[in-house]
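[1] what follows is a predicted structure for the sequence shown.
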Amino acid sequence: MPHVSARVEDGVAVVVLCRGKVNALDEATIDELNDRFRELETDEAVRAVVFSGEGKFFSLGFDIPGFLGHSKTEFSRFLTKFTDLYTICSHTPSPWSPP
């Protein structure tokens, strides 16, 4: 089940977390976000991105109970994917960057 919705309207992409009442981040959700942001980064029609959360919270953060059974290797893989997401949202030069 998708936990991320995205739409583009008049050059503005709207990406919304929709994973339950607190939008907790697990590996599948991070994968979806990475995929959406990579797609939007290459879409020449997108001039801006609004990133929000459905419901009362943007996100309460990591899905800690979901990670309790993870090995150190599995959790490390998740953190690498989360860092990739942070990078694409914050540091990667993109068509959205001002000239």
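    Thanks, I have it. Numbering: from 1, shown residues only.
[2] give me the most central residue, the protein.
    The geometric centre of the chain, computed from its C-alpha atoms, lies nearest to Leu33 (CA atoms, centre = their mean), at 3.1 Å.
[3] all strands of the protein, in order?
    Assigned strands in the chain, in chain order: 4-9, 12-17, 48-53 (criterion: DSSP state E).
[4] just checking, what packs against the first one?
    Translated: strand 4-9. Taking 3 or more CB pairs under 8 Å, 6 or more residues apart in numbering; DSSP states H and E as the contact definition, the neighbouring helices and strands of strand 4-9 are strand 12-17, helix 27-41. The way it works is simple: take the backbone N, C-alpha and C, and place the C-beta from them, glycine included.
[5] would you turn the strands of the chain into JSON lines with mean neighbour count and mean pLDDT?
    Shown next, in JSON lines, are the strands of the chain (neighbours: other CB atoms under 10 Å; pLDDT from 0 to 100):
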{"stretch": "strand 4-9", "mean neighbour count": "14", "mean pLDDT": "94"}
{"stretch": "strand 12-17", "mean neighbour count": "18", "mean pLDDT": "94"}
{"stretch": "strand 48-53", "mean neighbour count": "14", "mean pLDDT": "92"}
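[6] turn the ones you listed into CSV, including distance to Glu39.
    Rendered in CSV, the data for the strands of the chain read as follows (distance: least, CB to CB, whole Å):
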stretch, distance to Glu39
strand 4-9, 8
strand 12-17, 9
strand 48-53, 11
